[in-house]
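Participant: Predicted structure and sequence below. I'll ask about it afterward.
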Amino acid sequence: MTFELICEIEPPTKPDLKHVRHQIGTLSKIAHSFLIPDNHIGRATVSSVAVAHEVEAMGGRSIACLNSRDRNLLGFRRDLLTAAAYGVDQFLFVFGDKPTSGNRTSDLTVRSMIDEARAFSPDFKVGAAAGHRPLPAWKRAADFLFVQVSFDLDTLLRWREANPVDVPVYAGVMVLASESHARRLAGAIPDIAIPESMFTALAADRMAGVEAACEHVLAVRDSGAYDGVHLIPVARYRDVESRLSTELA
């Protein structure tokens, strides 16, 4: 069984894809596919479907994230049509972070998005996100699952043992770019437990987050419990590629 590395792309907040192309080109040496967020952290970015199309045009495999927060049913059907026209056929459906401006729509849920995509095309592959808690029965209908970011292997192993499923499951791993980044993340997402030792390490060495994330990827692989990792390298994608290119060869 191939252990898959799904690398998350940082989508642009301006109408310029040069940085996206650089990320794709750099990470393509280690990535099996790319996940493109959808207005992540509540900020407007270039469409995840458009960036997914760019990945495909550069010879990669893509997963376009779509959130229920920003779209009604008609808008979602538009996105599915656009994706089909572009040849994008893999999606991760999520609830979506709190928006920095405007309101959340309540027209769709992740569950209804899965049902709608299934009705639209049997060729679409759809995934859902899973927190570190019992997996709802309806999420077992997804084609793959992305488990919430964790900095502790035992947490991931306990969740996997308690929630057996027959679809590919990917563990979330994030690079902490700095101590301030780690503290902002801990404050914004209480469910993500960052060890105090990580804050200390980041304060002393800017590469500590890269080393910890790469070691975590390898530990998840060696455990045999997951089909792969959803890696979020943030701005440190060059360092991540350099560190993992030999380890995952």
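Facilitator: Perfect, thanks for sending it.
Participant: Mind giving me the packing neighbours of the helix or strand harbouring residue 75?
Facilitator: Following DSSP states H and E, one finds residue 75 within helix 73-86. Of the remaining helices and strands, those touching helix 73-86 by 3 or more CB pairs under 8 Å, 6 or more residues apart in numbering; DSSP states H and E are helix 48-57, strand 62-67, helix 110-120. The C-beta positions use only the backbone N, C-alpha and C, and glycine is treated the same way.
Participant: and residue 110, how far is that from residue 91?
Facilitator: 11 Å (CB to CB, to the nearest Å).
Participant: Look at the two and report which has more neighbours.
Facilitator: Each of residue 110 and residue 91 had its neighbours counted (other CB atoms under 10 Å), and the higher figure belongs to residue 91 (29 against 22).
Participant: was I right about the more buried one contacting residue 128?
Facilitator: No: with contact defined as CB atoms under 8 Å, residue 91 does not reach residue 128; the gap is 9.8 Å.
Participant: Just the buried residues of the lowest-mean-pLDDT helix or strand in the chain, please?
Facilitator: Comparing helices and strands within the chain by mean pLDDT, DSSP states H and E singles out helix 179-188 as the least confident, with a mean of 88. By neighbour count with 16 or more other CB atoms under 10 Å, helix 179-188 contains the buried residues 179, 181-182.
Participant: can you redo those residues as CSV with distance to residue 23?
Facilitator: Formatted as CSV, the buried residues of helix 179-188 follow (distance: CB to CB, whole Å):
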residue, distance to residue 23
179, 24
181, 18
182, 22
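Participant: what's the closest of those residues to residue 245?
Facilitator: For residue 245, the closest of these turns out to be residue 181, at 23.6 Å, with distances computed as CB to CB.
Participant: Can you name the residues that contact the closest one?
Facilitator: By CB atoms under 8 Å, 6 or more residues apart in numbering, the contact list for residue 181 reads 202, 209, 234.
Participant: ok, the first one - contacts?
Facilitator: What it means is residue 202. Residues counted as contacts of residue 202 (CB under 8 Å, 6+ apart) are 176, 178-179, 181-182, 208-209.
Participant: Reformat those as JSON lines; add distance to residue 39.
Facilitator: Formatted as JSON lines, the contacts of residue 202 follow (distance: CB to CB, whole Å):
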{"residue": "176", "distance to residue 39": "23"}
{"residue": "178", "distance to residue 39": "24"}
{"residue": "179", "distance to residue 39": "27"}
{"residue": "181", "distance to residue 39": "20"}
{"residue": "182", "distance to residue 39": "23"}
{"residue": "208", "distance to residue 39": "30"}
{"residue": "209", "distance to residue 39": "25"}
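Participant: In terms of distance to residue 244, which of those residues ranks first?
Facilitator: Of all the contacts of residue 202, residue 244 sits closest to residue 209, with 13.9 Å by CB to CB.
Participant: What number of residues are in the vicinity of the closest one?
Facilitator: Counted with other CB under 10 Å, residues neighbouring residue 209 total 25.
Participant: which intervals of the protein have sub-threshold pLDDT?
Facilitator: Applying pLDDT under 70 to the chain picks out residues 96-105, 190, 249.
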